[in-house]
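Asker: Whatever this is, show me its structure:
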Amino acid sequence: MSDSELTAEDRALVETARALIRQRYAENRHHIAAALRTRSGKIYTGLHLDTYVGRASVCAEAVAVGTAMAAGDSDIAAIVSVRHPRPRDSNQVIQVVSPCGICREMLTDFAPDCRVIVPRDGALAAAAPSELLPNKYFRM
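Answerer: As a prediction, the model looks like this:
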């Protein structure tokens with residue numbers, strides 16, 4: 001699915017994530033925001049929590065998923081993540097980014113049927129979590 005094939009709801013989700021990171025960006029603290037839409041139509045957001053000890057950092061996608069789950073609204077339809085550029089970056093556009101490997105694992109566990117909006121070939125596309133994480137580990 002190309003950028004032109006994203007739904008109006010998908011484009012609104014991207015803009016929700018961009019608005020959050022524009023508002024809350026703090027260098028070395030918050031540089032990624034995520035927005036997800038559940039099948040009920042409700043939007044939940046999350047902000048990356050960067051820490052000095054990297055293992056203690058929490059991804060924006062995990063915050064958004066946890067917020068939806070805490071609200072009892074766990075049927076995730078779509079999710080997107082965006083990155084705010086650092087002040088010294090030459091490109092100052094807030095870009096859609098792919099989820100990290102840990103978040104790909106989380107999405108295959110908690111939202112295997114959702115659409116993940118990702119950059120692909122210079123446009124935006126929707127992918128299934130399983131497409132982003134082939135050969136996933138499952139407990140036997």
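
Asker: what sits opposite the most centrally placed residue in the chain in the beta ladder?
Answerer: For the chain, residue 81 is the residue whose C-alpha lies nearest the centre (Cα atoms, centre = their mean; 3.0 Å). Note on residue 81: beta-bridge partners by DSSP bridges are residue 34, residue 97.

Asker: for the chain, what spans make up the helices?
Answerer: Here the chain has its helices, by DSSP state H, at 8-24, 60-70, 101-110, 129-132.

Asker: Who are the packing partners of the third one?
Answerer: Here helix 101-110 is seen to pack against helix 60-70, strand 76-83, helix 129-132 when contacts are counted using 3 or more Cβ pairs under 8 Å, 6 or more residues apart in numbering; DSSP states H and E. C-beta coordinates here come from the backbone N, C-alpha and C atoms, glycine included.

Asker: make it 10 Å
Answerer: strand 32-38, helix 60-70, strand 76-83, strand 115-120, helix 129-132 (3 or more Cβ pairs under 10 Å, 6 or more residues apart in numbering; DSSP states H and E).
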